[in-house]
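A.B. asks: have a look; sequence and predicted model below, questions after that.
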Amino acid sequence: MSTGPKVLIVDDEPQIRRFLRASLQAHDYQVIEAENGKEGVRACTVQKPDLLILDLGLPDMDGLDVIKLVREWSSIPIIILSLRSDDPDKIEALDRGANDYVTKPFSMGELLARMRVALRQGQGSGSDSGPVINAGEIAIDLSKRLVTVAGTPVRLSRKEYDLLRILASHPGKVITHQQLLQEVWGQAYVEETQYLRVYIGQLRQKLEKEPAAPKYLVTEPGVGYRLQTG
């Protein structure tokens, strides 16, 4: 009998649900299943899962609407698992409140890794407002506006710090280009993605041991960035 975190799978493809159920139970997850959006929302309400794996192409409603409904009352981590691979779909899902997006066909190892990150984020949701976020040797003290690497303070410009603060406030979660640009530069700059490339590059030079192969300030191509803490 599985005793690990409770995972709700909302997908209308029985073979996908069977595969996920077997794989997740083998890793000690408890598994709940729903084959459409209404069942999924109901299961979220009644069974209180720790994580939701959600397909977007459901028979009764779009998965984007499921995200919206769930986010009205719950902060449960949501990972999208979908055939839709276009950037606008990914961006809209993340903007509506999904924590991560995995495209079918997918690697089970990658999905499990992203689940672990999302669950850690869910457990730490109460600590997102906590004073210190750690990513390897990087420490971001949000209350003191202090960033250190291996205990040594790092001088950041205001824009660099603001970018890092937003990422650190949502560890492990993908923050879209539009979200970052709007919060740091304002609505008029939401299409200026070159700003992000420059400033993220500067942050990597200051914080990463290997800026060209970043371990913590991670790019999600075409979508945004995340601060990888695990």
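C.D. replies: Ah, there it is. Residues are numbered from 1 along each chain as shown.

A.B. asks: work out the gap between the worst-scoring helix or strand of the chain on mean pLDDT and the centre of the chain.
C.D. replies: Least confident helix or strand, the chain: helix 108-123 with a mean of 86, by mean pLDDT, DSSP states H and E. Centroid separation for helix 108-123 versus its chain: 9 Å, with Cα atoms, centre = their mean, to the nearest Å.

A.B. asks: now swap in stretch 81-90 and tell me
C.D. replies: Using Cα atoms, centre = their mean, the offset of stretch 81-90 from its chain centre is 14 Å.

A.B. asks: returning to that earlier point: report all helices and strands that the least confident helix or strand of the chain contacts.
C.D. replies: Packing partners of helix 108-123 (3 or more Cβ pairs under 8 Å, 6 or more residues apart in numbering; DSSP states H and E): strand 51-54, strand 78-82, strand 100-103. Just so you know, the C-beta spots here come from the backbone N, C-alpha and C atoms, and that holds for glycine as well.

A.B. asks: format those strands as CSV; extra columns: mean neighbour count and distance to residue 33.
C.D. replies: Formatted as CSV, the helices and strands packed on helix 108-123 follow (neighbours: other Cβ atoms under 10 Å; distance: least, Cβ to Cβ, whole Å):
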stretch, mean neighbour count, distance to residue 33
strand 51-54, 25, 10
strand 78-82, 23, 13
strand 100-103, 19, 18
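
A.B. asks: tell me the secondary structure for the closest residue in space to residue 47 that isn't next to it in sequence?
C.D. replies: Distances taken as Cβ to Cβ, 6 or more residues apart in numbering place residue 32 nearest to residue 47, at 5.5 Å, with adjacent residues excluded. Judged by DSSP: H, G, I helix; E, B strand; the rest coil, the three-state class of residue 32 is strand.

A.B. asks: need the strands for the chain, in chain order.
C.D. replies: Secondary structure of the chain (DSSP state E): strands at 6-10, 30-34, 51-54, 78-82, 100-103, 132-135, 138-141, 146-149, 152-153, 175-176, 217-220, 224-227.

A.B. asks: deepest-packed of these, please.
C.D. replies: strand 51-54 (a mean of 25; mean count of other Cβ atoms under 10 Å).

A.B. asks: so how far is it off the chain centroid?
C.D. replies: The answer for strand 51-54 is 12 Å, by Cα atoms, centre = their mean.

A.B. asks: next: stretch 150-157.
C.D. replies: Stretch 150-157 sits 26 Å away from the centroid of its parent chain (Cα atoms, centre = their mean).

A.B. asks: first vs last residue of it, how far apart are they?
C.D. replies: Counting by Cα to Cα, to the nearest Å, you get 19 Å between the two ends of stretch 150-157.

A.B. asks: what does it rub up against?
C.D. replies: Applying Cβ atoms under 8 Å, 6 or more residues apart in numbering, the contact partners of stretch 150-157 are 137, 146, 147, 148, 164, 202, 203, 206, 207.

A.B. asks: just send those back as JSON lines, with distance to residue 174 too.
C.D. replies: Converted to JSON lines, those look like this (distance: Cβ to Cβ, whole Å):
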{"residue": "137", "distance to residue 174": "23"}
{"residue": "146", "distance to residue 174": "25"}
{"residue": "147", "distance to residue 174": "21"}
{"residue": "148", "distance to residue 174": "25"}
{"residue": "164", "distance to residue 174": "15"}
{"residue": "202", "distance to residue 174": "20"}
{"residue": "203", "distance to residue 174": "16"}
{"residue": "206", "distance to residue 174": "22"}
{"residue": "207", "distance to residue 174": "18"}
